[in-house]
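Visitor: sharing a sequence plus its predicted fold:
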Amino acid sequence: MTVENLSRRHFLRGQFLTSLQSEKVKTQGFQGIRPPWSVDEHHFTQNCHRCGDCITVCETQILIKGEGGFPEVQFDHAECTFCHKCVDVCQQPVFRPLTELAWTHKIEMSNHCLTLNAVECRSCEDSCEMRAIRFKRQIGGVSQPQFVLEDCNGCGACLRSCPVSAIKLSLIQQHQVEKTND
Ligand code: SF4
Ligand code: SF4
Ligand code: SF4
């Protein structure tokens, strides 16, 4: 293969990876979500050996080899059950105690939500076992979703239930959760 062909191949591969990442951002809100109970990003990438054991044991197969070979969560076909098999199998110091919150991300809704456009839809409510999404009746209009962030565990089940991908994940600080529930 010529040098020219090789660089073209690298260029196309780069474009392919970029488009994959953009797709993930589109469906999840941000990329590079580490497995539940992971330590901070710096400590994680310093200590994870990229062995892939967590990916192999994940019962819903939401863990994939992401950028640099590090495990990442992809919620496009399933959610996290919090079985903590990924934590149990890992030999490296990259996980926090299971008594702590698994993630600091929560859901947020974009203005693509059908109910904001006067179309009846409650798909996300049905997908949430935690009942973190509730609908409030509107006089003369369609019911609107209300997110109870305190109850959201970040499992990701609602993401793929939305027909217009209006639900995303975002990192949220604890005080913001408390403020939302005042
Ligand atoms: S099992 Fe641990 S060390 Fe191996 S890839 Fe997963 S997080 Fe990294
Ligand atoms: S807790 Fe279970 S379902 Fe969730 S990422 Fe880990 S192995 Fe997969
Ligand atoms: S991420 Fe999980 S817990 Fe949170 S609202 Fe969606 S389905 Fe419910």
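Guide: Yep, it's here. Ligands and ions are numbered 1, 2, ... in the order given.

Visitor: would you map the helices across this structure?
Guide: 3-28, 41-47, 53-57, 85-89, 123-127, 174-180 (DSSP state H).

Visitor: near ligand 1, which residues of the protein show up?
Guide: Proximity of the chain to ligand 1 (Cβ under 6 Å from any ligand atom) is limited to residues 48, 49, 50, 51, 52, 53, 54, 71, 89, 90, 92, 94. C-betas here are computed from N, CA, C, even on glycine.

Visitor: drop anything exposed from those residues.
Guide: Buried members of the residues of the chain next to ligand 1, scored by 16 or more other Cβ atoms under 10 Å, are 48, 53, 54, 71, 90, 94.

Visitor: as a markdown table, those residues with distance to ligand 3 and pLDDT would be great.
Guide: Compiled in a markdown table, these are given as follows (distance: Cβ to the nearest ligand atom, whole Å; pLDDT from 0 to 100):
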| residue | distance to ligand 3 | pLDDT |
| --- | --- | --- |
| 48 | 24 | 98 |
| 53 | 25 | 98 |
| 54 | 20 | 98 |
| 71 | 19 | 97 |
| 90 | 23 | 98 |
| 94 | 23 | 98 |
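
Visitor: just send these back as a markdown table, with distance to residue 120 too.
Guide: A markdown table is the format used below for these (distance: Cβ to Cβ, whole Å):
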| residue | distance to residue 120 |
| --- | --- |
| 48 | 45 |
| 53 | 45 |
| 54 | 40 |
| 71 | 39 |
| 90 | 44 |
| 94 | 44 |
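
Visitor: I figured residue 81 hits residue 60, correct?
Guide: Yes: counting by Cβ atoms under 8 Å, residue 81 does reach residue 60; the two are 5.9 Å apart.

Visitor: max pairwise distance over the buried ones among the residues of the chain next to ligand 1: which two?
Guide: Farthest pair in these (Cβ to Cβ) is 53 and 94. Separation: 11.4 Å.

Visitor: got any ranges where the protein has weak pLDDT?
Guide: Judged against pLDDT under 70, the low-scoring parts of the chain cover residues 1-31, 172-182.

Visitor: tell me the residues of it that contact ligand 3?
Guide: So the chain meets ligand 3 at 107, 127-128, 130, 132-133, 152-158 (Cβ under 6 Å from any ligand atom).
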